[in-house]
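1. pasting the sequence and the predicted model now:
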Amino acid sequence: MLSLFKNTSAQSQPTQSIYDIAINGLDGNPIALSDFKGKHILFVNVASKCGFTGQYEDLQKLYDNYKNNLMIIGVPCNQFGGQEPGTAADIQSFCQANYGVSFVMTEKVDVKGNNQHPLYKWLTNKTLNGQSNSSVKWNFQKYLVDGEGHLVDYFFSVTNPMSGKITKHLTR
């Protein structure tokens, strides 16, 4: 699938700013999404025991290559096959030891269902994000937000982080 939506002229203004959504880091401290205004943000629901876990390597490479214009935010989630069972300390240790992750990692949250985190409510609800409705299908689904806080596109797990489908938005 190339892109899930192309007609950006149909985009409307979000009814809520993504920068107003509260989420904590793995260390329990608040992450101010507003600190990333002016940069693209790639949100990725991550898991340590998934067939796509190797994408951490390319997520780190993407971050290293584009960090002047991009923040990657990994969002641990245990809703798909129980593939992120660890504690915050386990997740942090795994990511640093195995992949040298230096981008932001949040607390473990639900990305779907009755306890869906407000971040994922915004990412998946057109009424809130002004762009598109979607649902999170599996670990390592990616949502790209531009430097002004608008949803650009989303990409299923099979899309490699270094794919031109993503990087083309970062070189503008």
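-> In hand now; what should we look at? Numbers count the residues shown, from 1 in each chain.
2. just want the most central residue of this protein.
-> When Cα atoms, centre = their mean is applied to the chain, the residue found nearest the centroid is Phe43 (1.0 Å).
3. could you measure from it over to Ala97?
-> Using Cβ to Cβ, to the nearest Å, Phe43 is found at 23 Å from Ala97. (C-beta placed from N, C-alpha, C; glycine too.)
4. please identify the buried residues of stretch 69-89?
-> 70-80, 83-84, 86, 88 (16 or more other Cβ atoms under 10 Å).
5. the residue nearest to Cys77 when sequence neighbours are not counted: how many residues sit nearby?
-> Distance criterion Cβ to Cβ, 6 or more residues apart in numbering; nearest residue to Cys77, sequence neighbours excluded, is Asn45 at 4.4 Å. Around Asn45 there are 31 other residues, counting by other Cβ atoms under 10 Å.
6. right, and the helix or strand after the helix or strand containing Asn45?
-> Using DSSP states H and E, Asn45 maps to strand 40-46. Where DSSP H and E defines the elements, the next helix or strand beyond strand 40-46 is helix 55-66.
7. chain center to that next one, what's the gap?
-> 13 Å (Cα atoms, centre = their mean, to the nearest Å).
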